[in-house]
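[1] the sequence isn't on hand, but the structure is:
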């Protein structure tokens, strides 16, 4: 570990050939988990890790021209110093840089993803209610960041000797190569099994001659077979590119969000997509992705897809 940990300069070389992994820290327990996750992610990718703390602008403590202010201009920052201290003596650190960004977290944390290959943050920071599973900054990043965003939430440790797994949620009727490719690459990096979860509406109902809707095992099996075939076609190019990744396909009836949340209990990472297209009221996070962010255990990666407009 470099002695520069205790100074103001970057604590390791930052000229890694790849784009950085970026992690946002704020001194909370959630950001500690995010930092640990990001350290591993950067090391696996052979990338440098940029540790960023978005510090609120100086602001008056009360209204009035002569009111005292919170002065954040000092170079000494308790969040940064805490991070530096936590890194001292740790082995196998990737190249690191630490910076303080003056601004507002909700606006500036998503911007940290510009030019990054990954943006990592905790599910909930120091503010807000303890009962919330996802803070406003996490939702803003999942919605606005230009790169994949990983929201890290503490989860149960995998059983000793258990092989890690990555869960990928796919829509058989509307696949997105960016999301699938990210999940395959992550599983390859981690030596993990890739569980591909695809939901279809079920049980399938059919209209009978007597005017009733009844469940049909034949129609249900046909729908399942159709989705299984489509998923297989979507995954085939990536399986050729990542032959070392073991893939388990799960085509199941029911609600996609509920199935992914259930699968998250045994997963190291859940991967879902988010459209980059900007709507009149800003970018939107789909209902499945939003539900997974709110309720899944462990880490969730939100991967942008589609052209930005």
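    Thanks, I have the structure now. These numbers were taken from a predicted model, which means no experiment stands behind them.

[2] CA only for contacts and neighbour counts going forward, please
    Will do.

[3] count the neighbours of residue 304 for me.
    Neighbours of residue 304 under the rule other C-alpha atoms under 10 Å: 25.

[4] with residue 164 instead?
    17.

[5] mind listing what it touches?
    Residue 164 is in contact with 158, 190-193, 267-268, counting by C-alpha atoms under 8 Å, 6 or more residues apart in numbering.

[6] now do 6 Å
    Applying C-alpha atoms under 6 Å, 6 or more residues apart in numbering, one finds that residue 164 lies in contact with residue 192.

[7] gap between it and residue 192?
    Here the distance between residue 164 and residue 192 works out to 5 Å (C-alpha to C-alpha, to the nearest Å).

[8] in the protein, which spans are strands?
    Counting by DSSP state E, the segments of the chain that form strands are 21-24, 49-56, 96-103, 118-122, 149-152, 165-170, 193-200, 205-207, 213-215, 247-253, 269-275, 299-305.

[9] CSV for these, including distance to residue 223 and mean pLDDT?
    Rendered in CSV, the data for those read as follows (distance: least, C-alpha to C-alpha, whole Å; pLDDT from 0 to 100):
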stretch, distance to residue 223, mean pLDDT
strand 21-24, 41, 96
strand 49-56, 45, 90
strand 96-103, 50, 90
strand 118-122, 36, 93
strand 149-152, 33, 94
strand 165-170, 16, 96
strand 193-200, 8, 95
strand 205-207, 11, 62
strand 213-215, 13, 59
strand 247-253, 9, 95
strand 269-275, 23, 91
strand 299-305, 26, 92
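
[10] looking at those strands, which is nearest to residue 141?
    Between residue 141 and the strands of the chain, the tightest spacing by C-alpha to C-alpha is seen for strand 149-152, at 6.8 Å.

[11] packing partners for that closest one?
    strand 118-122, strand 299-305 (3 or more C-alpha pairs under 6 Å, 6 or more residues apart in numbering; DSSP states H and E).

[12] change it to 7 Å
    Helices and strands touching strand 149-152, as assessed by 3 or more C-alpha pairs under 7 Å, 6 or more residues apart in numbering; DSSP states H and E, comprise strand 118-122, helix 136-144, strand 299-305.

[13] now residue 297: phi and psi?
    For residue 297, the backbone dihedrals are phi -90, psi 150 (criterion: degrees, to the nearest 10).

[14] which stretches of the stretch 101-250 of the chain have low pLDDT?
    Counting by pLDDT under 70, the ranges of the stretch 101-250 of the chain that qualify are 124-136, 155-161, 203-216.

[15] hmm, back to that, and the helices and strands packed on strand 149-152, which is most packed in?
    For the helices and strands packed on strand 149-152, the largest average neighbour count (mean count of other C-alpha atoms under 10 Å) is found in strand 118-122, namely a mean of 29.

[16] distance between that strand and the chain's centre?
    The offset between the C-alpha centroid of strand 118-122 and the centroid of the whole chain comes to 6 Å, using C-alpha atoms, centre = their mean, to the nearest Å.

[17] and it, which strands flank it?
    Here the strand partners of strand 118-122, with direction, are listed using DSSP bridges: strand 21-24 (parallel), strand 149-152 (parallel).

[18] which ones are touching residue 224?
    The neighbourhood of residue 224, defined by C-alpha atoms under 7 Å, 6 or more residues apart in numbering, consists of residue 251.

[19] still on that earlier bit, for residue 255, find the nearest of the helices and strands packed on strand 149-152.
    Set against residue 255 and scored by C-alpha to C-alpha, these come closest in strand 299-305, at 18.0 Å.

[20] paired strands for the closest one, with orientation please.
    Using DSSP bridges, the neighbouring strands of strand 299-305 in the sheet come out as strand 149-152 (antiparallel), strand 269-275 (parallel).

[21] just say which of those strands is most tucked in.
    Comparing the strands paired with strand 299-305 by mean neighbour count (mean count of other C-alpha under 10 Å), strand 149-152 ranks first with a mean of 28.

[22] just the helices in the stretch 201-309 of the chain please.
    When assigned using DSSP state H, counting those that start in this stretch, the helices of the stretch 201-309 of the chain occupy the ranges 217-241, 256-264, 287-295.

[23] all good on my end, thank you.
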